[in-house]
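**Q** Provide a 3D model corresponding to the input given below.
(2 chains)
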Amino acid sequence: SQTIHQWPATLVQPVGSPLSLECTVEGTSNPNLYWYRQAAGRGLQLLFYSVGIGQISSEVPQNLSASRPQDRQFILSSKKLLLSDSGFYLCAWSALAETNEQFFGPGTRLTVL
Amino acid sequence: GQQLNQSPQSMFIQEGEDVSMNCTSSSIFNTWLWYKQDPGEGPVLLIALYKAGELTSNGRLTAQFGITRKDSFLNISASIPSDVGIYFCAGQRATDSWGKLQFGAGTQVVVTP
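**A** So this is what the prediction gives:
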């Protein structure tokens, strides 16, 4: 069966510090991968999605970037965090074939102080 | 921004009651998905709908893909305490590519004994 992991679970960072959040998927090959941000427990905003290694599409201009160095690894980064980057970050995957069913990881709670 | 109008925003119900919520849009959708999210966790997929008029059940949950393709409904019958959480609708617009989902703002369900 497929599983999706996110690391770390929680993170407290000062403004201006760098960020690296990791997402890994097991039990599937060539997944589509997604990064979302959720503010205040409501509404998911799509940040990035990837259909393959090195292929990243950005949905919202922001202070963040994403990379996909391996087939089942998706990384969310920032060089300098802003207060507004605080939130709950969710990674999701879906099968490469024509399906819209996305499966979410456990999330990372980021607090920028 | 969010393309889906999800209502109600919150519901306070007694154990044993039925729950209904819906999502509407001015756009036509190819897919409707319903998720449940517990506090501090990632959303879990409950039901996926792919055809207009489709009615699908998952235990006490029933969801329908509206005939106009612009709305979807989720019903929970005979609610129990573990039904507490936030329910999200999501969908792929006909004008978007596979995997790009729009999310509703969520319906918070509180079940009292």
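**Q** which residue does chain B bring closest to chain A?
**A** B:Gly42 (3.5 Å; CB to the nearest CB). From N, CA and C alone the C-beta is placed, and that goes for glycine too.
**Q** how close does the nearest residue to that residue once chain neighbours are set aside get to A:Leu33?
**A** Closest residue to B:Gly42 apart from its sequence neighbours, by CB to CB, 6 or more residues apart in numbering or on different chains: A:Phe104 at 3.5 Å. A:Phe104 sits 11 Å away from A:Leu33, taking CB to CB, to the nearest Å as the criterion.
**Q** find residues that contact each of these two.
**A** A:Cys91, A:Ala92 (CB atoms under 8 Å, 6 or more residues apart in numbering or on different chains).
**Q** isn't the residue nearest to B:Gly42 up against B:Val44?
**A** Yes - at 7.4 Å, A:Phe104 counts as touching B:Val44 under the criterion of CB atoms under 8 Å.
**Q** quick check: which element contains the closest residue to B:Tyr50 other than its chain neighbours?
**A** Using CB to CB, 6+ apart and skipping the chain neighbours, the partner closest in space to B:Tyr50 is B:Thr31 (5.7 Å). Per DSSP states H and E: B:Thr31 is located in strand B:29-37.
**Q** for stretch B:41-57, buried residues please.
**A** For stretch B:41-57, the neighbour count (16 or more other CB atoms under 10 Å in any protein chain shown) marks B:Gly42, B:Pro43, B:Leu45, B:Leu46, B:Ile47, B:Ala48, B:Leu49, B:Tyr50, B:Ala52, B:Glu54, B:Thr56 as buried.
**Q** between A:Phe104 and A:Leu33, point out the one with more neighbours.
**A** Counting neighbours by other CB atoms under 10 Å in any protein chain shown for A:Phe104 and for A:Leu33 shows that A:Leu33 has the greater number, 28 against 21.
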